[in-house]
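Trainee: structural data only, the sequence is not supplied:
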Ligand SMILES: [Cu+2]
């Protein structure tokens, strides 16, 4: 019985443990879609939102209400006007804890919302 508390402390202190606890949610951006187009998240559960631009053109992940309601991880770069730019062939990671709600998502680059580059974030 005496050994149990120290084992628990070791587990909590190990960086690997902390990383495993955070779910990575990948969203692919391409011309002209988000995959998945409906992103389902759990309220209050921290995530790494991994935005992968697989295309030749620049895209962005614009969800102002979503980012305003979420809690961004400490040290996280500011997200300008609720929009994260993801240049061609690059990956941007955003660490945050989402808040319950239903939020619209789109790419604000010229005409791309009209071309179908939009989606939804559902946080339950
Ligand atoms: Cu786009």
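Mentor: Arrived safely, thanks for sending. None of the values given here were measured: they were computed from a predicted structure.
Trainee: quick check: residues of the protein near the ion?
Mentor: Applying CB under 5 Å from the ion, one finds that the chain approaches the ion through 59, 107, 109, 112, 117. Every C-beta, even on glycine, is put in place using the N, C-alpha and C of the backbone.
Trainee: what is the nearest of these to residue 21?
Mentor: Among these, residue 59 lies closest to residue 21 (CB to CB), at 29.5 Å.
Trainee: residues contacting the residue nearest to the closest one when sequence neighbours are not counted?
Mentor: Spatial nearest neighbour of residue 59, chain neighbours left out: residue 29 (4.1 Å); criterion: CB to CB, 6 or more residues apart in numbering. Residue 29 is in contact with 51-55, 59-61, 86, 107, 117, counting by CB atoms under 8 Å, 6 or more residues apart in numbering.
Trainee: go on, residue 70?
Mentor: Residue 70 touches 96-99, counting by CB under 8 Å, 6+ apart.
Trainee: switch these over to a markdown table; also include secondary structure and pLDDT.
Mentor: What follows is the contacts of residue 70, written out as a markdown table (DSSP: H, G, I helix; E, B strand; the rest coil; pLDDT from 0 to 100):
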| residue | secondary structure | pLDDT |
| --- | --- | --- |
| 96 | strand | 97 |
| 97 | strand | 97 |
| 98 | coil | 98 |
| 99 | coil | 98 |
